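**Q** coords below, sequence missing:
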């Protein structure tokens, strides 16, 4: 029997890994969370079943201007049959509060994304919006119009977050037709926005940019 190299083992682990089920909504969360423990459980089992073992090192840095601690996770995947061989997953990071829980929370968050990136784990979401999309027919007018719109607007792509549905938050804000509706949506997503501020600044900025623009439009009597 031919011995598999570490990349063949990782490929097999990716194929065999099960889907990660999101947890139920809790503590006023607007969306179902993707928990670190569930991601680690699925990922670790797939790696062990294929003769691989994961270790993590963390680099922490205080970011004074936002009063947060940033944690960068570096994950190494070793071949159990040949420990001299390893694969590096670098650059997965997260922010945490400057309290006794902040560093641990950021470590868990960054490790979760290292596992997700390593194995491309299925999370039960059919596409980035959480809906089952219907493809355009080839050379259809709709496809051409959308492509042209994207090329003209050159908008920054949404920075997705597996824990919170960032795209849904943006849609909800844009869909408001009055300041009363806007404030109601703002209250509903407040906890999730606070979470993004602590853990995912890029997604946080995208949501707050949409909120500021929509609030300005509604204040000045604009509907779109």
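**A** Nice, I can see it. What you see is a predicted model, and the numbers here were worked out from it, not measured in a lab.
**Q** looking at this, residue 56 is in a strand?
**A** Yes. Assigned with DSSP: H, G, I helix; E, B strand; the rest coil, residue 56 falls within a strand.
**Q** and the residue nearest to it when sequence neighbours are not counted, which of the three is it?
**A** Residue nearest to residue 56 in three dimensions, not counting chain neighbours: residue 75, with 5.1 Å by C-beta to C-beta, 6 or more residues apart in numbering. (Glycine included, C-beta is placed from N, CA and C.) The assignment at residue 75 comes out as strand when based on three-state DSSP.
**Q** number of nearby residues for residue 75?
**A** 23 (other C-beta atoms under 10 Å).
**Q** and for the nearest residue to residue 55 once chain neighbours are set aside, the neighbour number?
**A** Leaving aside its sequence neighbours, residue 55 sits nearest to residue 76 (C-beta to C-beta, 6+ apart; 5.2 Å). Taking other C-beta under 10 Å as the criterion, the count of residues near residue 76 is 14.
**Q** state the distance from residue 76 to residue 96.
**A** Distance check for residue 76 against residue 96: by C-beta to C-beta, to the nearest Å, it reads 22 Å.
**Q** would you mark the buried spots in the host helix or strand of residue 10?
**A** Secondary structure from DSSP states H and E places residue 10 in helix 6-16. For helix 6-16, a neighbour-count test (16 or more other C-beta atoms under 10 Å) marks 6, 9, 10, 12, 13, 14 as buried.
**Q** can you list contacts of it?
**A** Contacts to helix 6-16, defined as C-beta atoms under 8 Å, 6 or more residues apart in numbering, come from residues 4, 46-47, 49-52, 77, 79, 82, 85-87, 118-120.
**Q** list just the nearest of those to residue 180.
**A** Comparing the contacts of helix 6-16 against residue 180 with C-beta to C-beta places residue 120 closest, at 42.3 Å.
**Q** need phi/psi at that closest one.
**A** phi 50, psi 50 (degrees, to the nearest 10).
**Q** what about stretch 172-181, distance to the chain center?
**A** Per C-alpha atoms, centre = their mean, to the nearest Å, the displacement of stretch 172-181 from the mean C-alpha position of its chain is 25 Å.
**Q** for that stretch, measure first residue to last.
**A** From its first residue to its last, stretch 172-181 covers 10 Å (C-alpha to C-alpha, to the nearest Å).
**Q** partner residues bridging the residue nearest to residue 55?
**A** Under the criterion DSSP bridges, residue 76 forms beta bridges with residue 55, residue 88.
**Q** pLDDT value on it, please?
**A** Residue 76 carries a pLDDT value of 96.
**Q** wait, doesn't it sit right on residue 86?
**A** Yes. With contacts counted by C-beta atoms under 8 Å, residue 76 reaches residue 86, the gap being 4.9 Å.
**Q** kind regards, and thank you for your time.
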